[in-house]
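Participant: Please work out how this folds:
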Amino acid sequence: MNPEEDNLVELRYWVPENEGGTATAEFSNKVIDKAGLSISASSLLCQMGILNFTVPRGKYEVELYNSFFKMSSKTSVSIPFLGD
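Facilitator: Numbering: from 1, shown residues only. Reported below is the predicted structural model:
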């Protein structure tokens, strides 16, 4: 393993829900607090370089935000998604 070449691409956790149904939100908030992150709807979480897409066809730069992601090429498209 070379730390200069290896990247964490994805990390998933399964959190069993409690009776109030708030376990996932509580876990997410604890991780954000411990990491010292400040996340809002307009905070950039991740920026990826030019990626090739089949649909929509073309090359796009992708930016991931808390509640949407943005695909940029000659034009920009923002695609909302639901979080927790």
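
Participant: Show me the helices in the chain, by range?
Facilitator: All helices of the chain, identified by DSSP state H, fall at 23-35.

Participant: mind listing what the residue nearest the centre of the chain touches?
Facilitator: Nearest to the mean C-alpha position of the chain, counting by C-alpha atoms, centre = their mean, stands residue 64 at 5.1 Å. Contacts of residue 64 were listed using C-beta atoms under 8 Å, 6 or more residues apart in numbering, and they are 44-48. Every residue, glycine included, has its C-beta placed from N, CA and C.

Participant: let's go with 6 Å and repeat that
Facilitator: 45-46 (C-beta atoms under 6 Å, 6 or more residues apart in numbering).

Participant: Which residue comes closest to residue 80 once chain neighbours are left out?
Facilitator: Using C-beta to C-beta, 6 or more residues apart in numbering and skipping residues adjacent in sequence, the residue nearest residue 80 is residue 68, 4.4 Å away.

Participant: Could you give the number of residues near that neighbour?
Facilitator: Each residue near residue 68 was counted by other C-beta atoms under 10 Å, and the total is 15.

Participant: could you point out the longest strand in the protein?
Facilitator: Ranked by residue count, the top strand of the chain under DSSP state E comes out as strand 44-53.

Participant: Go ahead and name everything in contact with it.
Facilitator: 59-64.

Participant: how does it look with 8 Å?
Facilitator: Against strand 44-53 from outside (C-beta under 8 Å, 6+ apart): 39, 58-66, 71.

Participant: ok, and the most crowded of those?
Facilitator: Neighbour-wise, the contacts of strand 44-53 (other C-beta under 10 Å) top out at residue 60, 21 neighbours.

Participant: Quickly list what residue 78 is bridged to.
Facilitator: Residue 78 forms beta bridges with residue 70, as assigned by DSSP bridges.

Participant: scratch that, residue 46
Facilitator: Going by DSSP bridges, residue 46 forms beta bridges with residue 64.

Participant: measure it to residue 70 for me?
Facilitator: Note on residue 46: its distance to residue 70, by C-beta to C-beta, to the nearest Å, is 11 Å.

Participant: out of these two, which sits in the more crowded spot?
Facilitator: Under the criterion of other C-beta under 10 Å, the comparison of residue 46 against residue 70 puts residue 70 first, with 16 against 9.
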